[in-house]
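A.B. asks: need a structure here:
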Amino acid sequence: MTAEQIDAFDQMHARSIADPDRFWGEAAQGISWYKPWSKVLDDSTAPFYRWFVGSELNTCYNAVDRHVEAGCGDQAAIIYDSPLTGTVQTITYSELQASVARFAGALRLRGVAKGDRVLVYMPMIPQTVIAMLACARLGAVHSVVFGGFAPNELATRIDDAKPKVIVSASCGIEPNRIVRYKPMLDCAIEQAKHKPDSVIVYQRSQERASLVEDRDVDWEQAVASAQPAACVPVKGTDPLYILYTSGTTGEPKGVVRDNAGHAVALRWTMEHFYDVQPGEVFWAASDVGWVVGHSYIVYGPLLAGCTTVVFEGKPVGTPDAGTFWRIVEQHKVTTLFTAPTAFRAIKREDPQGQHIGKYDLSHLRALFLAGERSDPDTLQWAEQKLQVPVIDHWWQTETGWVVAGNPLGTHLFPVKYGSATRPMPGWDVQVLDSEQDVVARGKIGVLCIKLPLPPGALVTLWNADLRFQNSYLRAYPGYYESGDAGFIDEEGYVHVMTRTDDIINVAGHRLSTGAIEEVLASHCDVAECAVIGVADQIKGQVPLGLLCLKAGVNRSHEEIIKEIVQLVRENIGPVADFKRAVVVNRLPKTRSGKILRGTMQKIADGQEWKMPATIDDPGSLPEIGAALRTAGYALNTTFVTSSE
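C.D. replies: Okay, the predicted model is just below:
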């Protein structure tokens, strides 16, 4: 990259901060409006900032109808690929428009109108996307809950959102098992104080569900009796969706996303960050129950007129570690976006990349990784095997889109392994200390974002303005507190090291578990790892490593651990006091791929712990407990059955 290109990006970023009205006003030209805005940014009720005040639009129209009207009706909008059911289905924009309009009519028949909430509890199938878009078409607010969430967690979301209608499916499908959704939904509705007027159930052939008389209706019957519904204009500041994220008090937080700012920001990112053009195939290998699925399975690609892949499966085991590459070849995917966890799973099963060589990946231009910190070893492995740019980027459920990354569609910066690269336009990222002061470049602190947040970020929490302020704005007045710790180096690169609660204090030295994990992951036999801080009577805390080894490694565990201890000593120094590690078969994770370090730390220290609601496989935590006991930890831990 030339100095002129870097300067051009710096100027663009500076302009977005100094003159957000002009910057985002220009970006908004990529969206169709029923009524233009009277003001781009309204700061009159700060810290509750509002974007595109006075405007009217419809997100579904921008994501679907306008592409049909522009003559792109025959283009593929969705490619549904389910190795679990052996299904591949292509849905054009015209077909999607017809299906969404008809299902919106079915919702309208059941009384759903602008501002009403609809809870969506479904697997990764096209009907889930159709339900979301149908809500947006009517101006209703959808709240997608990850399919398979336990009844009590689902009940808390029902009581908070108070949906008029719930849309579900009879089941979800996992490798080697059927997950029956409907009984869990029935139990949740029974537990909840709020009762929906109707439940619409999509019956899958793998498991048909029993319907409750006078409340439940079959999806096909509901659609057959409905007339297509037109798009309803809504205010730009009206909510588009509620997405619940975990709360430290045990009560989920309902992140609220508006219509206008969300549409403008996501369409902008598809072009300027991901470098994807209309008609190209974009695949975010995630789930619509998470923010990545909202932003980059559904809305981002469709707002940009792309083809999006809806994938029902796993990166390995459906049927092997070549699943991703089969899909890239078969559907001519240009851009793949997934979590580092997925790539570590692939690398663990296929460390030499033999499956990669079996497929034609010539259409693939870039791989993007996000959802957790990308360890340099995994990122470099992906670069070597795929021979395309591999771009780590940092964002959160609350931010809605990338905060810091390497903008492939604008200027590609030199890669620094372990860094998410530069803050994107609109994001004024600062590193603050406990005294709320900006720290020197290179010094670790809390990553914060100066207000106002750009379009597309959360505007508040559902029915909880005070909680929004207390959760994100109180600790650092004038800033959004990300909850992540890290530093910004001399070249302005953002390094996200760990969650702030994953900073450990070893004899007065604050150490990032992420930095230690980076060293552990560099060992040739390690496929995946985690570091937690365990209690120590002398030093307060000391780091403990948990190691998953690559397939085929048959060396002595003691020998591997000895080598890893030496690696940490060489790369971080004796101050880390890293002397302890255990080998485990797998690490406990949420369904979105985040490692449950906090829960493992409680188990290790013998504290009372709860089974997290978002855990992917509950059986992984007892395995961790058994492994920790062999190392002298987890001796008196207590499991509490209620979920977090």
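
A.B. asks: contacts, neighbours, all on C-alpha from now
C.D. replies: Noted.

A.B. asks: got the buried residues for stretch 45-64?
C.D. replies: 47-53, 55-64 (16 or more other Cα atoms under 10 Å).

A.B. asks: meant to ask about stretch 121-136
C.D. replies: Applying 16+ other Cα under 10 Å to stretch 121-136 flags 121-136 as buried.

A.B. asks: Sort out which of those are in helices and list them.
C.D. replies: Of the buried residues of stretch 121-136, the ones assigned to helices by DSSP state H are 126, 127, 128, 129, 130, 131, 132, 133, 134, 135, 136.

A.B. asks: Please give me every residue in contact with the second one.
C.D. replies: Shown here is residue 127, whose contacts under the criterion Cα atoms under 8 Å, 6 or more residues apart in numbering are residue 202.

A.B. asks: If we use 6 Å, what do you get?
C.D. replies: By Cα atoms under 6 Å, 6 or more residues apart in numbering, residue 127 lies in contact with nothing.

A.B. asks: how close does it get to residue 141?
C.D. replies: In this view, residue 127 and residue 141 are 17 Å apart by Cα to Cα, to the nearest Å.

A.B. asks: Walk me through the domains of this structure.
C.D. replies: As assigned by automatic domain parsing, the chain contains the domains 34-76+93-257, 512-640.

A.B. asks: Measure how buried the residue lying closest to residue 182 once chain neighbours are set aside is and give me the count.
C.D. replies: Among residues not flanking residue 182 along the chain, residue 170 sits closest, at 5.3 Å (Cα to Cα, 6 or more residues apart in numbering). When counting by other Cα atoms under 10 Å, one arrives at 26 neighbours for residue 170.

A.B. asks: Is residue 170 in contact with residue 205, as I believe?
C.D. replies: No: proximity of residue 170 to residue 205 does not meet the contact threshold set by Cα atoms under 6 Å, at 8.8 Å.

A.B. asks: coming back round to it: deepest-packed of the domains of the chain, please.
C.D. replies: When the domains of the chain are scored by mean count of other Cα atoms under 10 Å, the highest mean neighbour count falls to domain 34-76+93-257 (a mean of 20).

A.B. asks: so where is the stretch 51-200 of the chain shaky, pLDDT-wise?
C.D. replies: Residue ranges of the stretch 51-200 of the chain with pLDDT under 70: none are present.

A.B. asks: 90 instead?
C.D. replies: Counting by pLDDT under 90, the ranges of the stretch 51-200 of the chain that qualify are 146-153, 174-177.

A.B. asks: all strands of it, in order?
C.D. replies: 56-57, 76-82, 87-92, 117-121, 141-144, 165-169, 171-174, 177-180, 198-202 (DSSP state E, counting those that start in this stretch).

A.B. asks: Same list (these) but as TSV, adding distance to residue 425.
C.D. replies: Below are the strands of the stretch 51-200 of the chain laid out as TSV (distance: least, Cα to Cα, whole Å):
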stretch	distance to residue 425
strand 56-57	24
strand 76-82	28
strand 87-92	33
strand 117-121	32
strand 141-144	28
strand 165-169	37
strand 171-174	39
strand 177-180	42
strand 198-202	41
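
A.B. asks: Tell me which of the ones you listed sits nearest to residue 241.
C.D. replies: strand 141-144 (4.8 Å; Cα to Cα).

A.B. asks: just checking, what packs against that closest one?
C.D. replies: Helices and strands touching strand 141-144, as assessed by 3 or more Cα pairs under 6 Å, 6 or more residues apart in numbering; DSSP states H and E, comprise strand 117-121, strand 239-245.

A.B. asks: In TSV: these, plus distance to residue 476.
C.D. replies: Formatted as TSV, the helices and strands packed on strand 141-144 follow (distance: least, Cα to Cα, whole Å):
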stretch	distance to residue 476
strand 117-121	33
strand 239-245	21
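
A.B. asks: Report the buried residues of stretch 457-473.
C.D. replies: For stretch 457-473, burial by neighbour count (16+ other Cα under 10 Å) applies to 457, 458, 459, 460, 461, 462, 468, 469, 471, 472, 473.

A.B. asks: was I right about the last one contacting residue 480?
C.D. replies: This points to residue 473. Yes: using Cα under 6 Å, residue 473 makes contact with residue 480 at a distance of 5.2 Å.
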